[in-house]
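>>> structure, please.
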Amino acid sequence: MTTLSLTHSLPTAEEVAIARESGRALSAFLQTRAEAQQFEIFDDKGASHPVRVPVSALRLLVDVLTEIGEGNAVNIIPIHAELTTQDAADMLNVSRPFLVQLLERGEIPFHKTGTHRRVRYQDVIAYKERIDAERSKALDALAEQAQALEMGYD
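Residues are numbered from 1 along each chain as shown. The predicted structure is shown next:
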């Protein structure tokens with residue numbers, strides 16, 4: 001498995017403008033029933049090179065361009081990817097020592113590569129979804145309690 005290092009660089013104003021324009025242009029081709037689309041890419045000398053792209057990849061590209069067009073940095077991570085503890089902590093917006101505690105308590109599966117812990121991306125996402133669901137449930141219970149006590153939260 002591949003270990004990824006996540007970088008976070010924001011797009012430049014020029015990249016944002018290009019992404020907006022390109023995303024709009026490409027989104028028109030998402031309505032096709034074809035399994036693939038063909039594009040022409042031009043090299044430095046102006047020579048044309050045809051490229052076939054599956055429509056599923058085109059949808060992903062439009063999503064990426066939309067995010068960049070809004071000024072957001074984007075990372076694409078394969079579901080089976082392995083993350084370092086720092087990358088996993090960054091994804092969960094927690095400190096690395098706190099993540100290590102979660103790993104050691106068995107809340108997120110991990111394995112060791114030598115002395116380094118590695119966490120699968122899909123396990124981090126599963127933990128995040130589980131925690132988010134628990135938080136939402138707790139907030140709903142608090143809102144119900146506030147309404148039952150007529151605390152002015154109608």
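
>>> average pLDDT for the helix or strand hosting Leu139, rounded please.
Using DSSP states H and E, Leu139 maps to helix 121-148. Taken as a whole, helix 121-148 has an average pLDDT of 92.

>>> care to break this protein down by domain?
As recorded under automatic domain parsing, the domains making up the chain are 8-69, 82-148.

>>> which among those domains is found nearest to Ile76?
domain 8-69 (7.1 Å; C-beta to C-beta). Quick note: C-beta positions are derived from backbone N, CA and C, even for glycine.

>>> which residue ranges of the protein form strands?
3-4, 36-42, 48-54, 82-84, 111-113, 116-120 (DSSP state E).

>>> and the fourth one, how far from the chain's centre?
The chain centroid and the centroid of strand 82-84 are separated by 14 Å, computed with C-alpha atoms, centre = their mean, to the nearest Å.

>>> ditto for the last one
Put simply, strand 116-120 sits 18 Å off its chain's centre (C-alpha atoms, centre = their mean).

>>> surely Gly71 and Pro11 touch.
Yes. Judged on C-beta atoms under 8 Å, Gly71 makes contact with Pro11 at a distance of 6.4 Å.

>>> any regions of the chain where pLDDT drops low?
Along the chain, the model assigns pLDDT under 70 to residues 1-8, 153-154.

>>> good, wrapping up.
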